[in-house]
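Colleague: what's the 3D shape of this:
(2 chains)
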Amino acid sequence: MNISRRAFTVSLIASGLGAGAALKLLLHAPSKKDLILDTSKLLPHIDSAAAIGESYLELNQELSIDLILDDLFPDWQAGNVPDGADSIYPFLHNKIRTDFEENRVELVRKWHLSSTELKICALVAFTQRHDNNSPPVKTASPSRNTKVHQIS
Amino acid sequence: MIIEARSFPEGKVVEHDVAIIGGGPAGISIAREIASSSPMLSVGIFEGGGTSYEEEGHQLYHGLNTGSVLETDDSYIHSTRLRYLGGTSNHWHGWCLPLEELDFKKRSWVNHSGWPVTGADLAPYYERALPLIQIHSWNYPLRTVAKGNRPTLLKESSSFKTAIFHRSPPVRFGSEYRDALKQSKNISVYLHANAVNISSHSDGRNITQIDLRSPEGAGWSAKARLYILAAGGLENPRLLLLSRNKHAKGIGNHNDLVGRFFMEHIQLVHTGDFFLSGSKLNYKLYERFFEHHFKHVVLGILCPTAQLQEDHQLLNCSIFFLNPYQRHAAFREQLTRALPAFDHPEEFKKESKSIFRAGSLESRSEQSPNPDSRVTLLPEKDALGMQRLHLDWRLQQTDRDSVKKTFDILAREFGKHADGRVRVLLNENSSWERSKTLGGAHHMGTTRMHSSDKYGVVNSDCRVHGVDNLYIAGSSVFPTVGFANPTLTILALALRLADHLKERLL
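Modeller: Below you'll find the predicted structure:
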């Protein structure tokens, strides 16, 4: 499937309609619908995920939606993303598990959490900021200097 | 028989084949083993207290407590032990687990480690000790415990494993075995018989008698072929250091080792938090509960495997799961609601309440042997004229770093195996937090076992180096301590010592 990065981010944050509305809007775009909807299904407790994401973003202020999406779905702009919920679940689960195996583990409030799961939460936090009429978030950043906790 | 020694006249002498100082679990168990082996053998147990708590006698335990961690309150010295028949078993919690094979080995990363006996040597004695503490069923497949075939935490991990503590009722040795001791024809238990000195022959190689004193001040003595010091991890070195009639530094102390290497099980309160993400996990195993299969209470804990300890040069450590459903900080609530979905989306979709398991973690870990952590004598004397104790319990930074490293790895393993997430509340490279550091009331290491007198006070038979007829029983002989509560190992060593003594006597 082909997903337009510009359309995705603009739909999320720039329309002023808020994340919920943005998601609804995206549902009308078949090329983006499955990815967004299926990913959001992972987090039925959006508020909780957003709270974790905010803590993570406090530590990584350079992060943006673009950078997070690039990290979660490296080829999403080329349309290479897991197809449907049944694929997204194991995709993210494996990515999280690999994070732990390869020490891509970060400390947020002293919890040892996977870099992937934190980025998903951060994505949710971004969308909630818009639901709460927060100022527009950055859509790009020159830095991806997140702190990865290495355990020797 | 049980004999009240308060009224003994000055100068009285009693004689037995074996004289045991201390009527705690080790002393009582050794006495019963020897006495049951032959009616011709007579055993005397010399207990400083009576059959119940007495403030007057307990005052004799008071001393000075200093050191680098909490428990600096002097009360630690007297409140963590009891001076009456049954000894410290009178406030024992009852938790039992053997030491692990690696605990006995020489470990290159642990200075002064290595027992002169192996876990295999002690294994039959562990089995024999179980009936003494009323644990009747022991070997088990983990899956039979608590929740049928549900998996244990980190079941697939090569870094951590589940171990199960078994709980004795607990047995109070004084009350449990009092009738048996009273009816015994060849065991004499002397109450209020305070050992104040161990007298040596002029050659220094043999003990000739124990000098005793009643609370009223009358001095009397006990003579025997063999003597056993079984008065606990603080009183054992105290008596040796006090006994200087032929040994200027105290018996067994020619290499200045008596009283050194005092160790505890280091308990770090609220070492971390956790939540579990799999509803199919056998979580109940990690709560204390009555297991019908065993007919006693059990408790599961996690501990590092031998491989992990070797790979990361860790000390042994146990991890307890506490207060499920309680003490939920706001952020933990958020995590437990949000993150399990990543690991177990299908379970999460069912909204099973059982997946929201969260609580705090506590570590109880091995302390590495440290010669500067020690018991010495103060100039001040107690009511019996004995110099009081000075305890200087010292931990090392490596002890703390080992716990921190263990928990960091644990956190990663929880994520890797999709069992949940862990928060580690120990800061990197910080020192011991006094308010969070406790001991388990386990006094160990002060008359350590080693095959050479250069490094130990007793040999592998628990006989004091350089003395032919004096043995030591109890946790003071432990060269290293693992994480397991010591009573079961004390009993196993006591039974092993009893076998050795029977061979000598018969």
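Colleague: who in chain A is up against chain B?
Modeller: Taking C-beta under 8 Å from any C-beta of the partner chain as the contact definition, chain A meets chain B at A:41-45, A:47-49, A:51-52, A:55, A:89, A:92-93, A:96-97, A:99-101, A:103, A:105, A:109-114, A:117, A:120-121, A:151. (Each C-beta comes from the backbone N, C-alpha and C, glycine too.)
Colleague: who in the stretch 301-450 of chain B is up against chain A?
Modeller: For the stretch 301-450 of chain B, the residues found near chain A under the criterion C-beta under 8 Å from any C-beta are B:331, B:333-335, B:337-339, B:341-343, B:345, B:348-349, B:408-409, B:411-416, B:418, B:421-425.
Colleague: Can you say which of those are buried?
Modeller: For these, burial is judged from neighbour counts taken by 16 or more other C-beta atoms under 10 Å in any protein chain shown, and it is met by B:331, B:333-335, B:337-339, B:341-343, B:345, B:348, B:408-409, B:411-416, B:418, B:421-425.
Colleague: In strands, which of the residues of chain A next to chain B appear?
Modeller: Among the residues of chain A next to chain B, the members found in strands (DSSP state E) are A:105, A:111, A:112, A:113, A:114.
Colleague: Out of these, grab the one that's most surrounded.
Modeller: With neighbours taken as other C-beta atoms under 10 Å in any protein chain shown, the top of these is residue A:113, carrying 28 neighbours.
Colleague: How about the contacts made by that one?
Modeller: Residues near residue A:113 by C-beta atoms under 8 Å, 6 or more residues apart in numbering or on different chains: A:52, A:105, A:106, A:107, B:339, B:415, B:421.
Colleague: In chain B, what helix or strand scores lowest on average pLDDT?
Modeller: Ranked by mean pLDDT, DSSP states H and E, the weakest helix or strand in chain B is helix B:345-349, scoring a mean of 67.
Colleague: C-terminal to it, what's the next element?
Modeller: Scanning the chain past helix B:345-349 towards its C-terminal end, the next helix or strand to appear is strand B:357-365 (assignment: DSSP states H and E).
Colleague: Looking at that following strand now, give me its mean pLDDT.
Modeller: Strand B:357-365 shows an average pLDDT of 88 in the prediction.
Colleague: and that strand, what does it pack onto?
Modeller: Contact here means 3 or more C-beta pairs under 8 Å, 6 or more residues apart in numbering or on different chains; DSSP states H and E; on that basis strand B:357-365 packs against strand B:266-276, strand B:317-322, helix B:330-338, helix B:397-416.
Colleague: what stretches of chain A score poorly on pLDDT?
Modeller: Judged by pLDDT under 70, chain A has its weakly predicted residues at A:1-44, A:84-85, A:130-152.
Colleague: Which residue ranges of it form helices?
Modeller: The residue ranges that make up the helices of chain A, judged by DSSP state H, are A:5-9, A:18-27, A:30-41, A:46-59, A:65-72, A:85-101, A:115-131.
Colleague: What residues of the fifth one count as buried?
Modeller: The one in question is helix A:65-72. Counting neighbours by 16+ other C-beta under 10 Å, one finds that the buried residues in helix A:65-72 are A:65, A:66, A:67, A:68, A:69, A:70, A:71, A:72.
Colleague: Assign residue B:377 to one of the three secondary structure states.
Modeller: Secondary structure state of residue B:377, per DSSP: H, G, I helix; E, B strand; the rest coil, is strand.
Colleague: Now do the same contact list for it.
Modeller: B:238, B:241, B:242, B:387, B:388, B:389, B:390.
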